[in-house]
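Novice: here is the input, now give the coordinates:
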Amino acid sequence: PSVSAASFGIAILISNSNVITTAQRVKRFTTLAGVETLFANTTEEWKAADGYFSQDPFNENQPEELLIGRYVDAPIAAVLEAGETPLTVLATWQAITDGEFSVTIDGVVTDVVGVNFSSVTSLDDVASVLSLVTAGLSVTYVVNRFVFTSDTTGVASTITLLSTVAVPAGTDISGAGFLDGDVIKSPSNPGGSVLSQGQIAETAADMLTAIKNVNNAWYALGLIKALRDIQFTEDLSDALESNRNIMIITTNDANTLILGSAASLAAKLKAKNYKRTSIVYHDNENVYPEWSWMGQQLPKDVGSTNWAYKTLSGIAQGASQNIDPSAITQPQIDAAMDVNANVYTTTLGANFIYFGTMTGGKNIDKEGEYLDIIINIDFLQARVEEGLMSLLLEKDIIPFTDGGITIVDTRLKNLLQVYGVDQGILVDQ
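Specialist: Numbers count the residues shown, from 1 in each chain. Below you'll find the predicted structure:
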């Protein structure tokens, strides 16, 4: 048996968009163009992804993967995402004037009959027709799926798979060859329908658990603009502190620049001496310096880089906009440094982020530990755990003798050499 190795180069963007349902919870993207299939280039999700993927093309290491995870910040509606192989031939839809299907919405069985598609000119039109004739829900066409959304929200909002009407008389469009909404997704049917029932708003901790239950391959976490500088931000930092992950976020709170102020998120997290959240102050709320920073740094080998003094990519590197340094004074920079917030500024004509720290965690004086130190420690701990577990799986028995202890000692020293010294994390003395 093999042991999977934890990744330290994958980031997840937390979004409150309904585009990702709770049943899906996490979507994976490998390019900015892929992100744009779900999120238009006017959305905050796209802007963050643009900062992440748009790196200097001459960089040896480029970001290869971005996850986007769903946070439920308000009561949501039940959703049926029908299967991935619906009918896409418009001429066939146009020939149907007696379409029918059944669906149960909020506990009420609804038989939809006599649906006429003769005038449709696109799959969006097909969805619009379905919306008009189906009471209690709306229908859209999103990336190869017809998506049915209840008009209500909260725990009472429910929906079922599509099915055949009680008394068939027309063309059944519920299943394969038409709407493809009658069979649930499963290992034997990976392109099947997905059901997300309504729910109330969730806590940051519950969201984190739900995301990790679906996809735990990521290491770094960031946010869209709407989730900055609110109670959720602090709550998520609380929840993440006990995990082997990091959160890198931007703050636009001007209190960060007031020396002695305890009101900013950075000041609050410094007071807690947190070592798993890093904050970048920027005076422009419409840019994503943290995502450009992560896209540049996360793909690099652990141990090969620190996060200080890094210049962020802009239009010249293919991004949609430049990230200009914050227009702040030296006293304001000093105030930000006092609460362990990073800043993107200009010194001697060079633009760069410094000092590349967490909001705390270095010592009892609550100085900010360096990002690379936390990452190095997490990496080394993970590789040692994985290596020792592999040893246990390889051997029928490791005796509790001097010989057995030597087996473990030899493996541990080898792991520390390969992933510590050779990696550039430890010094061989």
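Novice: residue contacts, the spatially closest residue to Ala341 that is not a sequence neighbour?
Specialist: Excluding its sequence neighbours, the residue lying closest to Ala341 (Cβ to Cβ, 6 or more residues apart in numbering) is Ala266, at 4.1 Å. The C-beta positions use only the backbone N, C-alpha and C, and glycine is treated the same way. Taking Cβ atoms under 8 Å, 6 or more residues apart in numbering, we find Ala266 in contact with Thr251, Asp253, Thr256, Ile279, Tyr281, Ala336, Val339, Asn340, Ala341, Thr359.
Novice: now do Ile315
Specialist: Gln321, Asn322.
Novice: mind doing that once more with 10 Å?
Specialist: Ser54, Gln321, Asn322, Ile323 (Cβ atoms under 10 Å, 6 or more residues apart in numbering).
Novice: right, and the first one touches Leu66 too?
Specialist: So the one you mean is Ser54. No. Ser54 is not in contact with Leu66 according to Cβ atoms under 10 Å; the separation is 11.8 Å.
Novice: neighbour-wise, which of the two wins?
Specialist: Comparing Ser54 with Leu66 by other Cβ atoms under 10 Å, the one with more neighbours is Leu66, at 28 against 21.
Novice: what's the nearest residue to the more buried one if we skip its chain neighbours?
Specialist: Using Cβ to Cβ, 6+ apart, the nearest residue to Leu66 is Phe29, at 5.0 Å.
Novice: just the pLDDT for that neighbour.
Specialist: Per-residue pLDDT puts Phe29 at 98.
Novice: what are the phi and psi angles of it?
Specialist: phi -130, psi 150 (degrees, to the nearest 10).
Novice: who's in contact with it?
Specialist: Counting by Cβ under 10 Å, 6+ apart, Phe29 touches 13, 35-39, 45, 49, 52-53, 65-68.
Novice: swap in Ala156?
Specialist: Listed by Cβ under 10 Å, 6+ apart, the contact set of Ala156 reads Pro75, Ala78, Asp106, Gly107, Ser150, Gln197, Gly198.
Novice: any idea how far Val72 is from the fifth one?
Specialist: Noted for Ser150: a distance of 15 Å to Val72, by Cβ to Cβ, to the nearest Å.
Novice: then Gly34?
Specialist: 24 Å.
Novice: over to Ala11?
Specialist: On the measure of Cβ to Cβ, Ala11 and Val72 end up 21 Å apart.
Novice: cool, Ile377 as well?
Specialist: In terms of Cβ to Cβ, Ile377 sits 33 Å off from Val72.
Novice: swap in Ser2?
Specialist: In terms of Cβ to Cβ, Ser2 sits 35 Å off from Val72.
Novice: kindly report the same for Ala341.
Specialist: 29 Å.
Novice: which residue ranges of the stretch 151-300 of the chain form strands?
Specialist: With DSSP state E, counting those that start in this stretch as the criterion, the stretch 151-300 of the chain has strands at 171-172, 194-196, 220-223, 246-251, 277-281.
Novice: who does the second one pair up with?
Specialist: Read it as strand 194-196. Sheet partners assigned to strand 194-196 using DSSP bridges are listed as strand 79-81 (antiparallel).
Novice: now the strand it pairs with: average pLDDT?
Specialist: Strand 79-81 shows an average pLDDT of 98 in the prediction.
Novice: let's see the helix or strand that that strand is followed by as PDB, backbone CA atoms only.
Specialist: Toward the C-terminus, strand 79-81 is succeeded by helix 90-94 as the next helix or strand (DSSP states H and E). Extracted in PDB, the C-alpha atoms of helix 90-94 (Å, rounded to 0.1, in the frame of the first residue of the first chain):
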ATOM      1  CA  LEU A  90     -31.800  22.300 -31.200                       C
ATOM      2  CA  ALA A  91     -33.700  20.700 -34.100                       C
ATOM      3  CA  THR A  92     -34.700  17.800 -31.900                       C
ATOM      4  CA  TRP A  93     -35.900  20.200 -29.100                       C
ATOM      5  CA  GLN A  94     -37.800  22.300 -31.700                       C
END
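Novice: quick check: what element follows helix 90-94 along the chain?
Specialist: strand 99-105.
Novice: longest helix of the protein?
Specialist: helix 371-394 (DSSP state H).
Novice: off-centre distance for that one?
Specialist: 24 Å (Cα atoms, centre = their mean, to the nearest Å).
Novice: what comes up buried for the helix or strand just after it?
Specialist: Downstream of helix 371-394, the next assigned helix or strand under DSSP H and E is helix 402-416. For helix 402-416, burial by neighbour count (16 or more other Cβ atoms under 10 Å) applies to Arg411, Leu415, Leu416.
Novice: what about helix 402-416, average pLDDT?
Specialist: The model assigns helix 402-416 a mean pLDDT of 96.
Novice: cool, and stretch 330-338?
Specialist: 97.
Novice: contact partners of it?
Specialist: 251, 254-261, 264, 266-267, 270, 279-281, 283, 326, 328-329, 341-343, 345, 347, 354-355, 357, 368.
Novice: rewinding a little: okay, Ala11 and Val72: which has more neighbours?
Specialist: Ala11 (24 against 20).
Novice: show the pLDDT at the residue nearest to the more buried one when sequence neighbours are not counted.
Specialist: Spatial nearest neighbour of Ala11, excluding adjacent residues (Cβ to Cβ, 6+ apart): Ala220 at 4.4 Å. Note on Ala220: pLDDT of 98.
Novice: over to Ser2?
Specialist: At Ser2, pLDDT is 77.
Novice: and if you look at Val384?
Specialist: 97.
Novice: secondary structure element for Lys27?
Specialist: Going by DSSP H and E, Lys27 is in strand 26-29.
Novice: next one: that strand to chain centre, how far?
Specialist: Counting by Cα atoms, centre = their mean, strand 26-29 comes out at 7 Å from the chain centroid.
Novice: strands of the stretch 1-150 of the chain, start to end?
Specialist: 11-15, 26-29, 66-70, 79-81, 99-105, 108-115, 137-142, 145-150.
Novice: which of the contacts of Phe29 lies closest to Met247?
Specialist: Nearest to Met247 among the contacts of Phe29 is Leu13, at 11.4 Å by Cβ to Cβ.
Novice: what number of residues lie near the closest residue to that closest one other than its chain neighbours?
Specialist: Closest residue to Leu13 in three dimensions, ignoring its sequence neighbours and counting by Cβ to Cβ, 6+ apart: Ile68, at 4.8 Å. Ile68 has 24 neighbours, counted by other Cβ under 10 Å.
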